[in-house]
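K.L.:
mind folding the following:
(one chain, ligands or ions: 1)
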Amino acid sequence: MTDIDVLEAVLHRRHSCRAFRPDPVPQADIERIVTAAARVPSWCNAQPWQVLVTRGPETERFRAALLETAMSAEPQPDMPWPESYPDAYGARRRECGFQLYDAVGIARADKPGRAAQTMRNYALFDAPHVAIIHAPKVLGPYGAMDTGGFVTAFTLAATALGIASIPQAAVAAFAPMIHAHFDIPEDRMILCAISFGYADEDHPANSFRTRRAPLSEVLDTRGDG
Ligand SMILES: Cc1cc2nc3c(=O)[nH]c(=O)nc-3n(C[C@H](O)[C@H](O)[C@H](O)COP(=O)(O)O)c2cc1C
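P.N.:
Numbering: from 1, shown residues only. This next block holds a predicted model:
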């Protein structure tokens, strides 16, 4: 096996997990994931990411507070949401949504059922841990871009250790509550959360895999030298 075979195997194995078992991840594995993920490049090597990880009762305290907030507050993310998902982006968004609803047996017209599935985000899909990912506001979109690379690497390093994960913008929607709950300073942007732990492999929410656009829609090679 060459390095690229190993890397491709991890890239293909990773998927967003939406049902976790309660078993905690050893702290040494969490530290290994964060250490590995921090090898990603960042502009000027600024390494803008910081990660707050919960264990045990801290996860339960946050889960309860988040569920309560999601039921009563309006979304107020630190980083603005996309204004729209036009064209192919909208089609992909709908497709992955329908894959999830089909997998868990929610009819497409069943609005309350879909809302209940959305609420699973705020229960952190029952994960034993959540990572809150934040970056300095002053670094703006490039700070967010560098941190996006860190988020991806976190999910890959986790996969390589047999640990499932899901990045969640839905959680970052309630940024004011997260700042207050964890005492994260206002000069940092809450970019997303990553719920993680061991996958409940038999749960229908984990039974589908998303597609990718063909290479011809992604790669534009100019010249033949
Ligand atoms: C920045 C980011 C935010 C995301 N937010 C959510 C979320 O709030 N809820 C959710 O169910 N999935 C979320 N996802 C997971 C995506 O839906 C998922 O990555 C995409 O559909 C591709 O599927 P895959 O990760 O299984 O390959 C997010 C992914 C990323 C990278």
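K.L.:
packing partners of the strand or helix carrying Ser165?
P.N.:
Per DSSP states H and E, Ser165 falls inside strand 164-168. Strand 164-168 is packed against helix 140-160, strand 188-197, with contacts defined by 3 or more C-beta pairs under 8 Å, 6 or more residues apart in numbering; DSSP states H and E. Quick note: C-beta positions are derived from backbone N, CA and C, even for glycine.
K.L.:
for the last one, buried residues please.
P.N.:
Counting neighbours by 16 or more other C-beta atoms under 10 Å, one finds that the buried residues in strand 188-197 are Arg188, Met189, Ile190, Leu191, Cys192, Ala193, Ile194, Ser195, Phe196, Gly197.
K.L.:
before we move on, what about stretch 155-166?
P.N.:
Thr155, Leu156, Ala157, Ala158, Thr159, Ala160, Ile163, Ala164, Ser165, Ile166.
K.L.:
pLDDT score for the residue most central in space within the chain?
P.N.:
Nearest to the geometric centre of the chain sits Pro167, at 0.2 Å (C-alpha atoms, centre = their mean). Pro167 carries a pLDDT value of 99.
K.L.:
can you give me the helices for this structure?
P.N.:
3-13, 27-37, 56-72, 87-104, 111-119, 140-160, 169-172, 175-182, 215-218 (DSSP state H).
K.L.:
nearest to the ligand, out of these?
P.N.:
helix 169-172 (3.2 Å; C-beta to the nearest ligand atom).
K.L.:
can you list contacts of the closest one?
P.N.:
Helix 169-172 is contacted from outside by 66, 77-79, 81, 118, 121-122, 124, 130, 132, 178, 190-193, 195, using C-beta atoms under 8 Å, 6 or more residues apart in numbering.
K.L.:
now, of those, which are buried?
P.N.:
For the contacts of helix 169-172, buried by 16+ other C-beta under 10 Å: 66, 77-79, 121-122, 124, 130, 132, 178, 190-193, 195.
K.L.:
among those residues, which two are most distant?
P.N.:
Met79 and Leu124 (19.9 Å; C-beta to C-beta).
K.L.:
wait, which of the helices of the chain is closest to His203?
P.N.:
Once the helices of the chain are compared by C-beta to C-beta, helix 87-104 is nearest, at 8.5 Å.
K.L.:
and that closest one, what other elements does it pack with?
P.N.:
Using 3+ C-beta pairs under 8 Å, 6+ apart: helix 87-104 touches helix 111-119.
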